[in-house]
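> missing the sequence, but the structure's below:
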């Protein structure tokens with residue numbers, strides 16, 4: 001979006017130009033792919049299992065920011081990332097409830 005610039009207008013043309021930017025279009029495509037995969041996961045297991053497991057995306061985005069964008073990540077953020085990873089491990093150790101199965 002830095003290439004597109006600031007969008008503070010009511011004109012739909014500016015937003016259409018932004019959507020047609022290759023990087024923005026790629027991001028939108030990845031979001032659509034994420035939505036379909038999330039829907040698939042929710043058809044297999046309960047939200048209480050799926051949501052913590054998919055939170056590994058927070059860890060991956062912080063690592064990608066550090067490696068590819070050379071962002072400065074504080075010790076507090078690394079500590080938060082470790083807590084998220086610990087939560088994911090705890091949730092992953094429990095058996096997911098299958099959709100349609102009785103308790």
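Here it is on my side, so go on. Just so you know, these numbers come straight off a predicted model, no measurement behind them.
> could you pick out the longest helix of this protein?
helix 22-44 (DSSP state H).
> what's it packed up against?
helix 12-19, helix 47-54 (3 or more Cβ pairs under 8 Å, 6 or more residues apart in numbering; DSSP states H and E). Heads up, the C-betas are built off the backbone N, CA and C, glycines and all.
> which positions in it come out as buried?
residue 41 (16 or more other Cβ atoms under 10 Å).
> and it, how far from the chain's centre?
Chain-centre distance of helix 22-44: 9 Å, with Cα atoms, centre = their mean, to the nearest Å.
> now that helix and helix 47-54, what's the angle there?
140 degrees (axes from the mean of the first three to the mean of the last three Cα atoms, to 10 degrees).
> how about TSV for the helices and strands packed on helix 22-44, with mean pLDDT added?
What follows is the helices and strands packed on helix 22-44, written out as TSV (pLDDT from 0 to 100):
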stretch	mean pLDDT
helix 12-19	77
helix 47-54	77
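> any idea which of these is most buried?
helix 47-54 (a mean of 15; mean count of other Cβ atoms under 10 Å).
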